[in-house]
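Q: A predicted structure for the sequence below; I have some questions about it.
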Amino acid sequence: MEEDVETRKISSSFLRDHSYATEADIISTVEFNHTGELLATGDKGGRVVIFQREQESKNQPHRRGEYNVYSTFQSHEPEFDYLKSLEIEEKINKIRWLPQQNAAYFLLSTNDKTVKLWKVSERDKRPEGYNLKDEDGRLRDPSMITMLRVPVLRPMDLMVEATPRRVFANAHTYHINSISVNSDYETYMSADDLRINLWNFEITNQSFNIVDIKPANMEELTEVITAAEFHPHHCNTFVYSSSKGTIRLCDMRTSALCDRHAKFFEEPEDPSNRSFFSEIISSISDVKFSHSGRYIMTRDYLTVKVWDLNMENRPIETYQVHDYLRSKLCSLYENDCIFDKFECVWNGSDSVIMTGSYNNFFRMFDRNTKRDVTLEASRENSKPRAILKPRKVCVGGKRRKDEISVDSLDFSKKILHTAWHPSENIIAVAATNNLYIFQDKVN
Amino acid sequence: MAGGGAGLTVGTGPAPSLKRGAVGEAGEGAPELAGGGDSSGEAVVLQLLLYGLLLSSMGEEEGLRQTQLLDTMFVRGLKRKCFDGEEDIEGTLAGIKAIPSYNLQRQSLLDMSLVKLQLCHMLVEPNLCRSVLIANTVRQIQEEMTQDGTWQMIHTQSTGQASLDRLVSTDILCRSSREQAEGKHVSGYSAFNKDFEGDQAQDSSETMSTASSVQAPRNLQSNVWEMENPQENKGNFQKSLDQIFETLENKSPNSVEDLFSEVDNSYYDLDTMLTGMMSNTKMGHCDGLETFSSPTATASNSNFKSDLNELDHIVEILVES
């Protein structure tokens, strides 16, 4: 897509197609597959809901494909760790799609402890005319069979079934926060607070530990892993971020245990902004490679930063997401909001980045024009097919008509999870238990 | 992360932080604690006690300003002038009010963090990242306090004659088994307040400060304020932090029950002290923990608003006594 077309569209013309109210549970992850045809969401109840984009119909060429529910299944169940007397939540922390290699779709979903590989396949034909059992499935009495017949396939209503093909369990002592499929499509990694493991899709009873930052003495623990991702093209390279605001890039060719990084990304602290909360707000909640593989984007509590892989000493771009919260850090520490983990995403061409905020606001930054916009995902404020109105938060004394003041922000309405279609301007925004899908206006 | 970081300028000019509501906010009352909805009953009560502490020591108006200061001071990282007890008492009014409030704010942040650490003990699955970040904050505060000699200052004052009155007031609140720890602790707090508060209800403020101490984990608090030797303190403090991490690693049902029983006692003490006044805001500890894990914004919002009304009521009583 051309740059200028995109920027024009982003600033003013996002339509809201549907609001899928999954009233039941809070959405904990959102992910498009590699073609953008499917959109998967995971929720706190351990369920995965997959949406599929409608084929564009010839009758209505102007109407872009809408997303409808394709499949729903229970991925994880609550468990109990008897050894530690702890409950293991079934909340889906991450979903990652595998690239499609045949008619079926494969995705990885994970909770705090276990990763599962799911196969989602369609069935639109079924065999009829078995010899040994009748149509209900009951066995026929062999002595009653007088003729042999060949079963034939007859069309049936489309059925989408999800089956767990692999279960990768018992490899993590701490809570899994990230999974990432390698570009070789044979391996993937799972990262918890202190360790990162490398798996082969075919082998479930073994994994390689590639990063281990657990100190010998747990009393000396001061830093944890917060996110990890493989490079999109180089299957030997991955990055992981830490709670101290640093990113490490590792090359698996150097050694089996990648405790020593190849590159270390850290921005020097700004002494004028130093406070007791400096470390907490510098903790990185998400790290994403750009599609080109040349940049990484990190999200900390107040900013989004873009780093060039070739420059370690500082990011090349820094965007303020909600700097008006800087003066509220103590309150946000008190009510624990300061520990919220926001995610960030690139658009298909790496020209726009998006991340969430509070009050159901989410922000987009255009890297080329340096323009940014704040939008709101809520039913009250947007009707279907209406263009989203940019929102503004007022920090000074005088509040204009449409602005909202910092003190009126609802901190329980946070947008932590968003996703961007790999090639088009379609975004999915998860607002607590509602999923919003916004599309660009056509023409 | 040494103490060279955040500080406070003792300014005499129109320091923006001392003007009501002039910190780039709408300035409507105390900093909002609403919306997050994660606060347990304990945290809510602790916040109120801290506000009470500020109000009693500063006077009502000042107190409200100070609570707004809470956010800015921590954020701005203003430089702090080296505090020398005798000289600065004769200094400007702004000076007196500014410096102690920084220490008080820092202390309240320390208390808050300790409570958070203990709370995440009690959750079914402690979030390791959060625990590590809070523990690092606590360490940072403690290092700074050791460096700028706040430890020493408290020490010299607490070795003064602790009056029987103070000890009696703690008897009312605390179980006998904890009297010793409390005694040291209260003397530390009350001596600290004595310097800076007016002739406001001294006993009440002590009571309130004691109650706020009751909130924090016993072992940590008494270690923090044990005044023999700052180095030793550091060691004890470190040990206490370590204990927390160890417990995070190997949880056993017994330890969880112990923690629960501690929480129970604190609530009982609070009830004794604030007979009926805080009954709206107090939640049973089970409820508190449940709401901790499942945030309900509107509930905590309305609780907080009613808390403020209760607080006004309390302040009235304190001022009159």
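A: Received it, and whenever you're ready, just let me know what you need. The model shown is predicted, which means the values in this text are computed figures rather than measured ones.

Q: Count the neighbours of the nearest residue to residue A:359 once chain neighbours are set aside for me.
A: Nearest non-adjacent residue to residue A:359, counting by C-beta to C-beta, 6 or more residues apart in numbering or on different chains: residue A:409, 4.4 Å away. The way it works is simple: take the backbone N, C-alpha and C, and place the C-beta from them, glycine included. Burial of residue A:409 is recorded as 22 neighbouring residues (other C-beta atoms under 10 Å in any protein chain shown).

Q: And residue A:409, what's its pLDDT?
A: Note on residue A:409: pLDDT of 94.

Q: was I right about it contacting residue A:393?
A: Yes. Applying C-beta atoms under 8 Å, one finds residue A:409 in contact with residue A:393, separated by 7.2 Å.

Q: Now stretch A:417-435: buried residues?
A: Going by neighbour count (16 or more other C-beta atoms under 10 Å in any protein chain shown), the buried part of stretch A:417-435 is A:417-422, A:424-432, A:434-435.

Q: nope, stretch A:324-340 is what I was after
A: A:324-340.

Q: what's the distance between it and the middle of its chain?
A: 24 Å (C-alpha atoms, centre = their mean, to the nearest Å).

Q: is it true that residue A:300 touches residue A:246?
A: No. Look at residue A:300 against residue A:246 with C-beta under 8 Å: they stay out of range, at 10.9 Å.

Q: among the buried residues of stretch A:417-435, which are in strands?
A: In this view, the buried residues of stretch A:417-435 that belong to strands under DSSP state E are A:417, A:418, A:419, A:420, A:426, A:427, A:428, A:429, A:430, A:431, A:434, A:435.

Q: is the fifth one in a bridge, and if so with what?
A: With DSSP bridges applied, the residues forming beta bridges to residue A:426 are residue A:439.

Q: need the contact list for it.
A: When contacts are counted by C-beta atoms under 8 Å, 6 or more residues apart in numbering or on different chains, residue A:426 touches A:36, A:64, A:420, A:437, A:438, A:439, A:440.

Q: By pLDDT, rank the residues you listed and give me the bottom one.
A: Scoring the contacts of residue A:426 by pLDDT puts residue A:64 last, at 64.

Q: Correct me if wrong, but residue A:159 is in a helix.
A: No. Applying DSSP: H, G, I helix; E, B strand; the rest coil, one finds residue A:159 to be strand, outside a helix.

Q: what's around it, how many residues?
A: 11.

Q: go on, residue A:280?
A: Residue A:280 is flanked by 22 other residues according to other C-beta under 10 Å.

Q: do the same with the one 5 residues further on
A: Residue crowding around residue A:285 was assessed by other C-beta under 10 Å; the count is 22.

Q: And it, what's its pLDDT?
A: 98.

Q: same check, this time on residue A:441
A: We have a pLDDT of 64 for residue A:441.

Q: do the same with residue A:384
A: 70.

Q: again, but for residue A:85
A: 81.

Q: do the same with residue A:297
A: Value for residue A:297, per-residue pLDDT: 98.

Q: What about it, how many residues nearby?
A: Neighbourhood size, residue A:297 [other C-beta under 10 Å]: 23.

Q: Quick check: bridge partners of it?
A: The partner residues for residue A:297, given DSSP bridges, come to residue A:288, residue A:306.

Q: Please report the distance of it from chain B.
A: 20 Å (C-beta to the nearest C-beta, to the nearest Å).

Q: where does the residue of the stretch 151-300 of chain A found nearest chain B land in three-state SS?
A: For the stretch 151-300 of chain A, the residue closest to chain B is residue A:219, as judged by C-beta to the nearest C-beta, at 3.8 Å. Classification of residue A:219 by three-state DSSP places it in helix.

Q: next one: residue A:327
A: helix.

Q: so where is the stretch 101-250 of chain B shaky, pLDDT-wise?
A: B:120-124, B:150-250 (pLDDT under 70).

Q: at 90 what do you get?
A: B:101-106, B:116-127, B:145-250 (pLDDT under 90).

Q: So which of the buried residues of stretch A:324-340 reach chain B?
A: The subset of the buried residues of stretch A:324-340 within reach of chain B, by C-beta under 8 Å from any C-beta of the partner chain, is A:326-337, A:339.

Q: The buried residues of stretch A:324-340 in helices, which ones?
A: A:329, A:330, A:331, A:332, A:333, A:334 (DSSP state H).

Q: What's the per-residue pLDDT of the second one here?
A: Right, residue A:330. For residue A:330, the pLDDT comes out at 92.

Q: One more: the fifth one?
A: The predicted local distance difference test score for residue A:333 is 95.

Q: OK, contacts around it?
A: So residue A:333 contacts A:277, A:280, B:109, B:112 (C-beta under 8 Å, 6+ apart).

Q: thought the first one was touching residue B:137?
A: Yes. Under the criterion of C-beta under 8 Å, residue A:277 makes contact with residue B:137 at 7.4 Å.

Q: Give the intersection of the neighbour lists for these two.
A: With C-beta under 8 Å, 6+ apart, residue A:277 and residue B:137 have no common neighbours.

Q: on that earlier part again, so which of residue A:300 and residue A:246 has more stuff around it?
A: It is residue A:300, of residue A:300 and residue A:246, that has more neighbours when counted by other C-beta under 10 Å, with 22 against 18.

Q: all strands for the stretch 201-350 of chain A, in order.
A: Here the stretch 201-350 of chain A has its strands, by DSSP state E, counting those that start in this stretch, at A:203-212, A:225-230, A:237-242, A:247-251, A:263-265, A:286-289, A:295-299, A:303-308, A:317-320, A:344-346.

Q: Please identify the residues of the stretch 251-400 of chain A in proximity to chain B?
A: Among all residues of the stretch 251-400 of chain A, those adjacent to chain B (criterion: C-beta under 8 Å from any C-beta) are A:271-280, A:283, A:326-337, A:339, A:358, A:395-397.

Q: one more time with 7 Å
A: When proximity is defined as C-beta under 7 Å from any C-beta of the partner chain, the stretch 251-400 of chain A approaches chain B at A:272-277, A:279-280, A:283, A:326-331, A:334-337, A:339, A:395.

Q: Can you tell me the closest non-neighbouring residue to residue A:104?
A: Residue A:104 sits nearest to residue A:121 (C-beta to C-beta, 6+ apart), 4.0 Å away.

Q: Could you give the number of residues near the one you found?
A: 15.

Q: Then residue A:181?
A: 22.

Q: Tell me the bridge partners for it.
A: Going by DSSP bridges, residue A:181 forms beta bridges with residue A:188.

Q: can you tell me how far the residue nearest to residue A:104 sits from residue A:416?
A: 31 Å (C-beta to C-beta, to the nearest Å).

Q: For the closest residue to residue A:114 other than its chain neighbours, give me phi and psi.
A: Among residues not flanking residue A:114 along the chain, residue A:169 sits closest, at 4.5 Å (C-beta to C-beta, 6+ apart). For residue A:169, the backbone dihedrals (degrees, to the nearest 10) come out as phi -120, psi 170.
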